[in-house]
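Novice: Provide a 3D model corresponding to the input given below.
(one chain, ligands or ions: 1)
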Amino acid sequence: MARRLPVFDNHIHLRAEYKGVEAAKLFEKAGGTAIMLTHTPYDEIPIGHGSDYDRAYRKTLAMADAVRSATSLQVFVALAPYPVECMHLKEVVGLEGAVAAMKQGIDLAARYVAQGKAVAIGETGRPHFPVGPELQRACNEVMEYTMAAAKRLGCAVILHTEDPTPETFAEFAAMAERAGLDKNRVVKHHSTPLTRPEDNRGLVPSILAKEELLVEALKGGPRFMLETDYIDDPRRPGAVLGPATVPRKTKAWIERGVLTEDQAWVIHKEMPERTYRIRVE
Ligand SMILES: [Zn+2]
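Specialist: Reported below is the predicted structural model:
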């Protein structure tokens, strides 16, 4: 009997007060089997100090448990301070205070990784829109701090930044090298389809499940992952792909010959297993 293809969404946010578990069920019903549940800021848990991250992370971890008990999905968790938060923090506690708070947020995330409750530190990095040079430098400092923590823990990092060019990939690769972190363990979430090693310098692109991006990405081979970046926020309908997109599209692409089964196994099983040192069933 042919083995069942695992279907992994590498970046999904769920909120208990919105669709939450229901969105996970839609993913499962469409053929999805595993998700990287990625931490997201919560309005009701404002971050004014680094220690506030703990309450916020526990909300994401509770969501993961809720999905596990309501579905058969494998739920992996990534925790980190969301990079755009640095702007608000800077207003409240100044630039130095913001850096200290974010580093404390990284340390708290590292603790959950060490306990086995999370498998990666992310999404973290810098705002996806231009910010002043001071703030950019501060975010870069936090990014390197994160990579050093991941190196110590032996875990992966998931980066949120502007859409990468070969130059930005080179910049992140240099940071990873300075931190001693294997570039196979640095994921660029919401990546451009730069799958050739000479373009991404060995980092791992995670690409939105859109056909034009998939087709472009496959030209460099299947060394990437797929994601929806589903945000589960009714105030931003249609801002990102729906929760069933990765399984639905994967199935359609295989049927239409856009994606081969072998490529799908690499994208949905080998890449997550290699990147996060997890088992995807
Ligand atoms: Zn995200």
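Novice: What does the residue nearest to residue 204 when sequence neighbours are not counted show for phi and psi?
Specialist: What sits nearest to residue 204 in space, not counting adjacent residues and going by CB to CB, 6 or more residues apart in numbering, is residue 187, at 4.7 Å. Using the backbone N, CA and C atoms, a C-beta is placed for each residue, glycine as well. Note on residue 187: its backbone torsions stand at phi -100, psi 130 [degrees, to the nearest 10].
Novice: And the strands in the stretch 151-281 of the chain?
Specialist: Here the stretch 151-281 of the chain has its strands, by DSSP state E, counting those that start in this stretch, at 156-160, 186-188, 204-208, 225-227.
Novice: For residue 276, find the nearest of those strands.
Specialist: strand 156-160 (5.2 Å; CB to CB).
Novice: now the closest one, how far from the chain's geometric center?
Specialist: Mean-position distance between strand 156-160 and its chain equals 6 Å (CA atoms, centre = their mean, to the nearest Å).
Novice: Kindly report the same for stretch 11-31.
Specialist: Going by CA atoms, centre = their mean, where stretch 11-31 is centred and where its chain is centred differ by 16 Å.
Novice: One more: stretch 180-197?
Specialist: Centroid displacement of stretch 180-197 relative to its chain, using CA atoms, centre = their mean, is 11 Å.
Novice: what number of residues lie near residue 174?
Specialist: 12 (other CB atoms under 10 Å).
Novice: And for residue 39?
Specialist: Neighbours of residue 39 under the rule other CB under 10 Å: 28.
Novice: and what of residue 88?
Specialist: By other CB under 10 Å, neighbour count at residue 88 equals 14.
Novice: bridging residues for the residue nearest to residue 161 when sequence neighbours are not counted?
Specialist: What sits nearest to residue 161 in space, not counting adjacent residues and going by CB to CB, 6+ apart, is residue 125, at 4.3 Å. Beta-bridge partners recorded for residue 125 (DSSP bridges): residue 160.
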